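> below are the sequence and a predicted model for it; my questions follow.
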Amino acid sequence: MEKEKFNIIVFSGDMDKVLAAFILATTSASMGMEVNMFFTFWGLNVLRKKKFTSGKNLLQKMMNFMNRSGAGRLPLSKFNLLGMGPMMMKKMMRNSRVPSIEELMKIAKGQGVKFIACTTTFAFMGFSKDDFIPEVDDYAGAATYLAMAREGKMSYFI
Amino acid sequence: MEKEKFNIIVFSGDMDKVLAAFILATTSASMGMEVNMFFTFWGLNVLRKKKFTSGKNLLQKMMNFMNRSGAGRLPLSKFNLLGMGPMMMKKMMRNSRVPSIEELMKIAKGQGVKFIACTTTFAFMGFSKDDFIPEVDDYAGAATYLAMAREGKMSYFI
Amino acid sequence: MEKEKFNIIVFSGDMDKVLAAFILATTSASMGMEVNMFFTFWGLNVLRKKKFTSGKNLLQKMMNFMNRSGAGRLPLSKFNLLGMGPMMMKKMMRNSRVPSIEELMKIAKGQGVKFIACTTTFAFMGFSKDDFIPEVDDYAGAATYLAMAREGKMSYFI
């Protein structure tokens, strides 16, 4: 029997939303669903290596300097407070033994959740494959995502 | 015949997004659908009693002091202007006889819409059941939500 | 054979999210799906003519002065920097030959994608039909949208 498919567009790069996306992904994978996560726009920051900046021209370098990379350095969608908010949130999560985003990513990979990086954003933000972590399964555009999503049971835009 | 199920994740605690969630919920309930609303993260503020703060330790108390509770005190996602924006928006809604979030919540309850509070957020934000209004139908985690959502016709992440 | 239906609620008026909505819409239309875009709240700005302000009373005029109209003048959800961010983003898109929102709207219309403006927001924001571009196909409420969405294959809240 074919598995039910669950597809998530991770548009946001905010820690709280990305956390929600990974909780949904790992929980549904543990319930036997096949899960695809399509990272686009700010969501790509989750899959980017920690680097000072990246990009092919000055404009891209400026944008990507503001737009910090790395799953461990995401801002909060509110109460960011120059980084204090995410620190507080991480401490609160640790205190309650809620896994961090990096830990959830490892769990997800172990469950076979697919990480797909959006090539459209990729292009105009000036990223190269070298900017991304090896956990990325595939680089693809909106058409590839939609072909999966239309076969799926559920899908979210986060 | 079984009713079509419509499931909404209310992640946002912003007045405008929560309003949209309740308009979708009450409209679909009036069209004969079975509606479940799963409140998580900032969305939990809708179901929290108006209190100065809550939490079990200093860190949680600090976060929950910023993170104001109560369906009548939600901020706007933009033009919040230290609370001026929500006041303007509420006045504009009243002038056009658009029901407030509190009124929509009562309508939703009367229609049998289920309010579910997410226990994962619950834990690390340091909430206790005493922090919540009696209208909450259930306290549950992501697995319970996803089991409902996979049987559903539609679902949104708001 | 009937076409698969894809329905998108465009709640956000942020350039980056609206861009994502149009990329999904035009790509799925090119894959043979029937696409409906339901613009509500800040999303209505995409369909509003460029005007200094609009509204029937002072409160509405004040809100709609802040809430700038026109698909070419949308803010970014982050790094807006008083308009610098959107300028940078547009330049980056042009450099990589990613079509602008205005261009994507034209493509979408050519593909038969339907643009629907939400009448609920319409009412309390004080808009009149005169405030909108002629590309709007229909003015309708949540019930009309949900009747379409429940027949659809996929739907997103953006």
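Sure, I can see it.
> and the closest residue to A:Lys153 other than its chain neighbours, what's its pLDDT?
Distances taken as CB to CB, 6 or more residues apart in numbering or on different chains place A:Glu4 nearest to A:Lys153, at 4.3 Å, with adjacent residues excluded. All C-beta spots, glycine's among them, are computed from the backbone N, C-alpha and C. With respect to pLDDT, A:Glu4 has a value of 94.
> then A:Val18?
97.
> cool, and the one 10 residues further on?
Model confidence at A:Ser28, expressed as pLDDT, equals 97.
> residues contacting it?
A:6, A:35, B:146, B:150 (CB atoms under 8 Å, 6 or more residues apart in numbering or on different chains).
> of these, which pair is most distant in space?
Farthest apart among the contacts of A:Ser28 by CB to CB are A:Val35 and B:Arg150. That separation is 12.1 Å.
> these two: who's more crowded?
A:Val35 (25 against 17; other CB atoms under 10 Å in any protein chain shown).
> so the more buried one, which of the three states?
Following DSSP: H, G, I helix; E, B strand; the rest coil, A:Val35 is assigned to strand.
> that one reaches A:Lys114, doesn't it?
Yes: with contacts counted by CB atoms under 8 Å, A:Val35 reaches A:Lys114, the gap being 7.1 Å.
> and the helices in chain A?
A:15-30, A:58-66, A:84-95, A:101-111, A:119-124, A:142-149 (DSSP state H).
> check which helices and strands the third one sits against.
It stands for helix A:84-95. helix A:15-30, helix B:58-66, helix B:119-125 (3 or more CB pairs under 8 Å, 6 or more residues apart in numbering or on different chains; DSSP states H and E).
> over to the fourth one?
The criterion is 3+ CB pairs under 8 Å, 6+ apart, and the helices and strands that helix A:101-111 contacts are helix A:15-30, strand A:34-39.
> redo that, cut-off 6 Å
helix A:15-30 (3 or more CB pairs under 6 Å, 6 or more residues apart in numbering or on different chains; DSSP states H and E).
> tell me which parts of chain A are close to chain B?
A:16, A:20, A:23, A:27-28, A:79, A:88, A:91-93, A:96, A:98, A:153-154, A:156, A:158 (CB under 6 Å from any CB of the partner chain).
> go through the helices of chain A and pick out the most buried.
Burial of those is given as mean neighbour count (mean count of other CB atoms under 10 Å in any protein chain shown); helix A:15-30 ranks first at a mean of 23.
> centre of the chain versus that helix, how much separation?
Here helix A:15-30 is found 10 Å from its chain centre; the criterion is CA atoms, centre = their mean, to the nearest Å.
> same check, this time on stretch A:129-149
Distance, centroid of stretch A:129-149 to centroid of chain: 11 Å (CA atoms, centre = their mean).
> any idea how far apart the tips of that stretch sit?
24 Å (CA to CA, to the nearest Å).
> run the contact check for that stretch versus chain C.
Yes: using CB under 6 Å from any CB, stretch A:129-149 comes into contact with chain C via A:142-143, A:146, A:149.
> the helices and strands packed on helix A:84-95: which one's closest to C:Glu135?
Minimum separation from C:Glu135 across the helices and strands packed on helix A:84-95 (CB to CB) falls at helix A:15-30, 31.1 Å.
> send me the closest one as CSV with only the CA atoms.
Output in CSV follows, covering the C-alpha atoms of helix A:15-30 (Å, rounded to 0.1, in the frame of the first residue of the first chain):
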residue,chain,number,x,y,z
MET,A,15,12.4,29.9,14.6
ASP,A,16,8.9,29.5,16.0
LYS,A,17,7.3,28.7,12.6
VAL,A,18,10.2,26.4,11.5
LEU,A,19,9.8,24.6,14.9
ALA,A,20,6.1,24.1,14.2
ALA,A,21,6.9,22.8,10.7
PHE,A,22,9.4,20.2,12.1
ILE,A,23,7.0,19.1,14.9
LEU,A,24,4.4,18.5,12.2
ALA,A,25,6.9,16.7,9.9
THR,A,26,8.4,14.4,12.5
THR,A,27,5.1,13.6,14.1
SER,A,28,3.4,12.7,10.8
ALA,A,29,6.5,10.7,9.7
SER,A,30,6.2,8.7,13.0
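> just want the angle from that helix to helix A:84-95.
30 degrees (axes from the mean of the first three to the mean of the last three CA atoms, to 10 degrees).
> re earlier: what's the farthest-apart pair in the residues of stretch A:129-149 next to chain C?
Pairwise across the residues of stretch A:129-149 next to chain C, and taking CB to CB, the largest span is found between A:Ala143 and A:Ala149, at 10.6 Å.
> low-scoring stretches of chain A, by residue?
A:1 (pLDDT under 70).
> flag every residue of it that's near chain C.
Proximity of chain A to chain C (CB under 6 Å from any CB) is limited to residues A:11, A:41, A:59, A:63, A:66, A:123-124, A:142-143, A:146, A:149-150, A:155, A:157.
> burial measure for A:Asp138, as a count.
12.
> circling back: could you check the distance from the residue nearest to A:Lys153 over to B:Ser155?
13 Å (CB to CB, to the nearest Å).
> same check on A:Lys153?
Counting by CB to CB, the gap from A:Lys153 to B:Ser155 is 10 Å.
> could you check which of these two has the larger neighbour count?
More neighbours surround B:Ser155 than the other of A:Lys153 and B:Ser155, with 23 against 17 (other CB under 10 Å).
> for the more buried one, list the residues it contacts.
The contact partners of B:Ser155, by CB atoms under 6 Å, 6 or more residues apart in numbering or on different chains, come to B:7, B:149.
> rerun that using 10 Å as the cut-off
A:153-156, B:5-9, B:36, B:38, B:145-146, B:148-149, C:155, C:157 (CB atoms under 10 Å, 6 or more residues apart in numbering or on different chains).
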